[in-house]
Structures are given as C-alpha cells and as structure tokens.
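Student: here's a sequence, model it:
(chains A and B)
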There are 2 protein chains.
Amino acid sequence: MKKIRIGIAGYGNLGRGVELAIRQNEDMELAGIFTRRDPAGVKPATEGVQVYRMDQAKDMADQIDVMILCGGSATDLPKQTPEMAKYFHVIDSFDTHANIPQHFDTVDAACRENGHVGLISVGWDPGLFSLNRLYAESILPNGKTYTFWGKGVSQGHSDAIRRVAGVKRGIQYTIPVEEAMDQVRQGNQPELTTRQKHLRECWIVAEEGADKAQIEHEIKTMPNYFDEYDTTVNFITEEEFEANHNKMPHGGFVMRSGMTGEGEKTHQMIEYSLKLESNPEFTSSVLVAYARALNRLAAEGATGCKTVFDIAPAYLSPLDGKELRAHML
Amino acid sequence: MKKIRIGIAGYGNLGRGVELAIRQNEDMELAGIFTRRDPAGVKPATEGVQVYRMDQAKDMADQIDVMILCGGSATDLPKQTPEMAKYFHVIDSFDTHANIPQHFDTVDAACRENGHVGLISVGWDPGLFSLNRLYAESILPNGKTYTFWGKGVSQGHSDAIRRVAGVKRGIQYTIPVEEAMDQVRQGNQPELTTRQKHLRECWIVAEEGADKAQIEHEIKTMPNYFDEYDTTVNFITEEEFEANHNKMPHGGFVMRSGMTGEGEKTHQMIEYSLKLESNPEFTSSVLVAYARALNRLAAEGATGCKTVFDIAPAYLSPLDGKELRAHML
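Tutor: Numbers count the residues shown, from 1 in each chain, chains lettered A, B, ... in the order given. Coordinates of the predicted model:
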C-alpha cells in the first residue's frame, strides 16, 4: 500500500500534535516539516524527518499528497492556506467563526485556479461540534441547540489576562454551568444569558509588589472578555502554576433539545461531548483523519474548497465500505 | 420551491412517525401512504392524504420522489425494499446488524438494475450511533469504543417475555449500568462483560391464578435474552401497566476513549448520547432528514445502495452550503 505523504506547515503545539497523530495511522507518513524559523533549530519528534524553510515547500509538490497547515487563525492561515493551495491539497483548522466565509472564498479561488482541493476549519469547534449541530438540527427541526465549552483553557482569554499590568503568569479556564446544562437536558429549552452558561476562572502569578486587588478588578471588568461573566481570580505561586496549570485541557457539549410527534409534545434529546486532556493534540487527530478524506477527494479529481459538512464520513476511515458496513454500521 | 414528495410504505408506529416528521419540514410533502391492510380502514393523521394498497405503488412512480419503507426488519424490509427499488428511490431503517451486508447487496442490485438510489439502515442504531463510532474511531485510532443502550424499551425482549405462559402484559427496559459508564469516562478502558454493561427490568401483568415465581424463573433463565444479565421482574396491575408503561422511550451512549500524543499518554474522550421519549418518532425524524439527502443524491444521478457512511452531512440540511458555513460551522 502506498502511504499518504503528509506535509506539516508550522511546527508549534498543533504541528507537533499532527506529527504524533500521523504515527498512529499506518496508511500515512510524514514527508516533511516546514517552518518559518531556522530549520536547523527545529528538532522533530520523529527520527529521520526533514525540516525545511516554509518557502522550500513549493519545490516539493511531487513529494507531498496533503499539506496540513498548523499556523494560527489570526494572521498565519489567511495567507498561508491560499498560498500553499497553489502547490498542494491543503487542510487547516481556521477557527475564527466570523471570518470563515471570507477564508472559504479565498481558499476556494486558490484551489480552483490550481486544480487542488482544500478543506478548512477542521477541528472540534469549528469541526466536530459543527457537524453535530448540523446533524441534530436537520433531524429535529423543531428545537433549540446549545453549545457549552469547557472545562478548558481559552487561549484568547489567557492572553488577555497576561496583558494586565502586574500579571507575570496567567491562565483562564472556561467552565460550563452544570445547572444550565441540566435545565437543557430536562427539555425546558431555556433562554440562557452569557452569564448563565459559563463561568470564567483565572489563575494568576502576580509580579512582586503588584496590586492584586487592582489586577482582579481590571480582569473582572474587562469588556468583551470578562464583563459579561461571573469570573473568579485566584493568585498562586509560580511553583503551583508550573505544577497544576501546564496542560491544555478543553472540551464541551453540543445539545439539541427537540420536539416531535402529534402536537410536537414528545421530547427528544441529542448530546455530544468532548473531554480532552490536550486540545491541540485532539485537534491534530481530527486534522489527520480529514487529511485521509482529502487525499481521497483529490484522487477522485475534486477541486475547490470544502468543509467538514461536505465530506462523507466513510472518507475518514482507513476501512473500505464493505468492512464498515459489516463491522461498524 | 418544488417540495420533495414522500411516500410511506407501511403505516405502523414508524410510518405514523414519518408522517408527523414530514409536517415539520417545509420542503417536503406526503404524497401517499401504502399499506397491506385495507386502505379504507386506515385513517392518516394528515387531512387529504390518500391511502393506497401496497401493490398500487408501482403505478405511482411519477408521483413520488422518495419512498420511505416503514416495515419490520425481520420479514418486511428484506422483501419490500428491493421490490420498491424497482420503482422508487428507497430508504429504510433495516436494523438486523448481522444481515446488513446481505440486505445491502440485494437493495444495491435492485437499485442498479432500475437506475435508482437506495439508503438502508437509517435510524439511530444502526444510524447515528454508527456514524459516531466511525467518526470517533477514525479520529482516535488508538482507543476503545463502547455502546450502551437505554434506558429504553427493547421490543425483542418485551416480545420474549410476553411469550412466557401466564404473562398477560409485559414490557422490558434495558438499563445501562452507571458505574460501567463512569469507568469508561475515566479513561480506564475496562473490559466489560455483558452483565456489567446492562441491567434488564421487566414489568408484568400476570394472568389470574398464574404462578408468579415460575414466570420470574422462566424469564431470568431464558437463554440469549436474559440468562447473561441481571434481571428484575416486577408484577403490577393492569391499571398500573396502562398508566406507566404505555410509551416507547429509548436512547443510549456511544463512547470512545482514546490516547494521543508522545507515548500515547494523553486521554481524549468522545461521548454521544440520545435520550428519546419516543424511539419510533425519533427514528422517523432521522429517516425524513435522510430522505432529503437521498433526493439530492438522486438529482445528481447517483445509483445503487448507500448507507449513512456515504452521505455528506450537508445533504441532510435544507440550508445551502453558504448558509451552513456562515451560521453552523
């Protein structure tokens, strides 16, 4: 069997996660890592894997079946995904929800011009959570969908608290409110405010001599990030921070509460949840499974940009249709 | 907009559920109900809908876009789905897991011979649970999948207890064992026996003068159905039975516990669950959403038999790609 040759563009937490996920899939191999740093300073986890400068990728079109873009959504992916689509079939985890339509159009144009196929916004939200919203709303048209996130680290909120004066280290956990989730599960279809759905929990190492009350006040009243939430701020030592807050757990819940039957009085509840010890490693695993799907689409001659909505589930699996029907249906 | 014209073949609990689900979808209409009973004796819930003899369907090929087969898996669907595939694009909820490959081949041949497309085993298990097993196993190749069912009525087990001498009325609930599910959630990847995963709870109205101890013994030792489980048998009055056991709730859980990362030491948990007040109404809702997908496949000229694994999620939704990307991704 010819293995699917994967390229990784960007070697941070996500890129490293992709590298490790490729090892778990026998039908894939890592064909190269591309970085904006000096390749000499990058040490892959996999022996024998070459590290290249990002601009060397374009000369390797015949050596890579799928390029997985592992940069950030703010500035990297809007440029890198369409650029790489000139040379490769591309997949990314672009997660700025509001800008997805624009990113889609850019990647779609680049793919079509170059006869490639692209797949954007692959991960868990956007990604698996989106799929679950779509399936559930299609099946239960009369209903209400709820998404809860956490318990997990929000990178954006952690960055925000680290910008507050006097904060040396800081991390923020988003926590879904159990009572709100239970209300949804009971079929009440409640209207929930932002404050009723999630709590925000901050763990801070303060600079020496910093005004902790002032830090706490600044965080709790920060517009867009914290002012609409019930927020707790905890000050801890650097040792405690190192020991207990060095991981990137995350997860969440997608729930659809719907009504069916005569007079629409029968309650039907669909719930999907993730409990992830490592957010980037899980996102990487989703990317790698969809890289398989992308490779199949490319083999069929597909072009243009796709999303998880467009991919038949069977394309994610290394098993063929007959095996899937016999063992997994 | 031209509505999708749906035919219902078989008008029991499932057929009636499909009828009610069609009303919840503005892009569909019920074009006719087909029954093996005397049509004069069948009263649809929807005003103006015609009821026909099953054998009249073949003359209505130009009036129906998708035929939903609502018969039973034991004897109805193995014959009816391929027969109807001569005249229509067909969809069924065939749920005898062991016979799916054979049913697939039969329906596939009938569809191909007649230029139609078919979709079998649509519902929640097989169906949505199968999808979740497939997605989760593709994403987390190193892991273990668990399916728990209930709390809910098992039709097969209820039928079995009603065949015991002295049983006037009877119903059986399958109940997942909470402790077993919690073990799975904790990432222990336990090996669970049949007995450790589910309990069976029976509610019986005995015939007058029946030997209750004998009934209980016969049920608890019944091979294949109860002997491998911890079973409780409760005797109640007919009034109590009528009041509390006249519904068909069901549901269950699909869980994937997987490991990722360096040395595969990071635990990642995916869980999907359904809590259904009415099993047949929910299965009907799934059938109707997939009827939309089938209609699109047919419009694209697809032929042959498919399963839920082959259907891109976007095909289930009345929204177009642009709307889905903007609002649901």
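Student: longest helix in chain A, by residue count?
Tutor: helix A:279-299 (DSSP state H).
Student: what residues sit buried inside that one?
Tutor: Residues of helix A:279-299 classed as buried: A:279-298 (neighbour count, 16 or more other CB atoms under 10 Å in any protein chain shown). For every residue, glycine as well, the C-beta is placed using N, CA and C.
Student: for that helix, output the C-alpha coordinates as PDB.
Tutor: Extracted as PDB, the C-alpha positions of helix A:279-299 are listed here (Å, rounded to 0.1, in the frame of the first residue of the first chain):
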ATOM      1  CA  ASN A 279      -6.800  20.400  23.000                       C
ATOM      2  CA  PRO A 280      -4.100  20.800  20.400                       C
ATOM      3  CA  GLU A 281      -3.400  17.000  20.200                       C
ATOM      4  CA  PHE A 282      -7.100  16.300  19.700                       C
ATOM      5  CA  THR A 283      -7.400  19.000  17.000                       C
ATOM      6  CA  SER A 284      -4.400  17.400  15.400                       C
ATOM      7  CA  SER A 285      -6.000  14.000  15.400                       C
ATOM      8  CA  VAL A 286      -9.100  15.400  13.700                       C
ATOM      9  CA  LEU A 287      -6.900  17.100  11.000                       C
ATOM     10  CA  VAL A 288      -5.100  13.900  10.300                       C
ATOM     11  CA  ALA A 289      -8.300  11.900   9.800                       C
ATOM     12  CA  TYR A 290      -9.600  14.500   7.500                       C
ATOM     13  CA  ALA A 291      -6.300  14.600   5.600                       C
ATOM     14  CA  ARG A 292      -7.200  11.000   4.600                       C
ATOM     15  CA  ALA A 293     -10.500  12.200   3.400                       C
ATOM     16  CA  LEU A 294      -8.900  15.000   1.400                       C
ATOM     17  CA  ASN A 295      -6.500  12.600  -0.200                       C
ATOM     18  CA  ARG A 296      -9.400  10.500  -1.400                       C
ATOM     19  CA  LEU A 297     -11.300  13.500  -2.700                       C
ATOM     20  CA  ALA A 298      -8.100  14.600  -4.600                       C
ATOM     21  CA  ALA A 299      -7.800  11.100  -6.100                       C
END
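Student: is any part of that helix close to chain B?
Tutor: Yes. Applying CB under 8 Å from any CB of the partner chain, one finds helix A:279-299 touching chain B at A:281-282, A:284-286, A:289, A:292.
Student: I'd like those as CSV, with pLDDT appended.
Tutor: Converted to CSV, the residues of helix A:279-299 next to chain B look like this (pLDDT from 0 to 100):
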residue, pLDDT
A:Glu281, 98
A:Phe282, 98
A:Ser284, 98
A:Ser285, 98
A:Val286, 98
A:Ala289, 98
A:Arg292, 98
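Student: A:Gly252: which of the residues you listed is nearest?
Tutor: A:Phe282 (11.5 Å; CB to CB).
Student: and the closest residue to that closest one other than its chain neighbours, how many neighbours?
Tutor: Among residues not flanking A:Phe282 along the chain, A:Leu276 sits closest, at 4.6 Å (CB to CB, 6 or more residues apart in numbering or on different chains). Neighbour count for A:Leu276, taken as other CB atoms under 10 Å in any protein chain shown: 23.
Student: beta partners for A:Leu276?
Tutor: Taking DSSP bridges as the rule, A:Leu276 bridges to A:His250, B:Gln268.
Student: wait, A:Asp227 touches A:Glu218, no?
Tutor: No. Counting by CB atoms under 8 Å, A:Asp227 stays clear of A:Glu218, with 11.0 Å between them.
Student: looking at those two, which is more packed in?
Tutor: Taking neighbours as other CB under 10 Å, A:Asp227 and A:Glu218 compare with A:Glu218 leading, 18 against 13.
Student: hmm, that one is touching A:Val164, no?
Tutor: Yes. Counting by CB under 8 Å, A:Val164 is a contact partner of A:Glu218 at 5.0 Å.
Student: using the three-state scheme, assign A:Asp95.
Tutor: For A:Asp95, the assignment made with DSSP: H, G, I helix; E, B strand; the rest coil gives coil.
Student: that one: what's its closest spatial neighbour, skipping adjacent residues?
Tutor: Excluding its sequence neighbours, the residue lying closest to A:Asp95 (CB to CB, 6+ apart) is A:Ser73, at 5.1 Å.
Student: give me the number of residues near the residue in the stretch 51-200 of chain A positioned nearest to chain B?
Tutor: Per CB to the nearest CB, the residue of the stretch 51-200 of chain A with the smallest distance to chain B is A:Ser138, at 3.9 Å. When counting by other CB under 10 Å, one arrives at 25 neighbours for A:Ser138.
Student: residues in contact with whichever helix or strand A:Glu29 is part of?
Tutor: Here A:Glu29 sits within strand A:28-35, counting by DSSP states H and E. Here strand A:28-35 makes contact (CB atoms under 8 Å, 6 or more residues apart in numbering or on different chains) with A:3-11, A:15, A:19, A:22, A:42, A:44, A:46, A:49-54, A:56-57, A:60, A:63-65, A:288, A:291-292.
Student: next secondary structure element downstream of it?
Tutor: Counting by DSSP H and E, what follows strand A:28-35 is strand A:51-53.
Student: now do that following strand, average pLDDT.
Tutor: Strand A:51-53 carries an average pLDDT of 98.
Student: ok now it, how far from the chain's centre?
Tutor: The chain centroid and the centroid of strand A:51-53 are separated by 25 Å under CA atoms, centre = their mean, to the nearest Å.
Student: okay, now the sheet partners of that strand, with direction.
Tutor: Strands adjacent to strand A:51-53 in the sheet, as given by DSSP bridges, are strand A:28-35 (parallel).
Student: now do the strands in the stretch 151-300 of chain A.
Tutor: A:152-153, A:167-176, A:198-206, A:230-235, A:250-260, A:266-276 (DSSP state E, counting those that start in this stretch).
Student: could I get those as JSON lines with mean pLDDT?
Tutor: Listed next are the strands of the stretch 151-300 of chain A as JSON lines, based on pLDDT from 0 to 100:
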{"stretch": "strand A:152-153", "mean pLDDT": "96"}
{"stretch": "strand A:167-176", "mean pLDDT": "97"}
{"stretch": "strand A:198-206", "mean pLDDT": "98"}
{"stretch": "strand A:230-235", "mean pLDDT": "97"}
{"stretch": "strand A:250-260", "mean pLDDT": "98"}
{"stretch": "strand A:266-276", "mean pLDDT": "98"}
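Student: any chance of those strands in a markdown table, plus distance to B:Glu113?
Tutor: A markdown table is the format used below for the strands of the stretch 151-300 of chain A (distance: least, CB to CB, whole Å):
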| stretch | distance to B:Glu113 |
| --- | --- |
| strand A:152-153 | 53 |
| strand A:167-176 | 52 |
| strand A:198-206 | 56 |
| strand A:230-235 | 64 |
| strand A:250-260 | 36 |
| strand A:266-276 | 37 |
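Student: which residue is the nearest non-sequential neighbour of A:Gln172?
Tutor: Using CB to CB, 6+ apart and skipping the chain neighbours, the partner closest in space to A:Gln172 is A:His157 (3.9 Å).
Student: just give the number of residues close to A:Thr174.
Tutor: Neighbours around A:Thr174, by other CB under 10 Å: 22.
Student: what about it, distance to A:Lys247?
Tutor: According to CB to CB, to the nearest Å, A:Thr174 and A:Lys247 sit 15 Å apart.
Student: how near is A:Phe309 to chain B?
Tutor: Using CB to the nearest CB, to the nearest Å, we find A:Phe309 at a distance of 4 Å from chain B.
Student: I figured that residue hits B:Ile311, correct?
Tutor: No. Counting by CB under 8 Å, A:Phe309 does not reach B:Ile311; the two are 11.3 Å apart.
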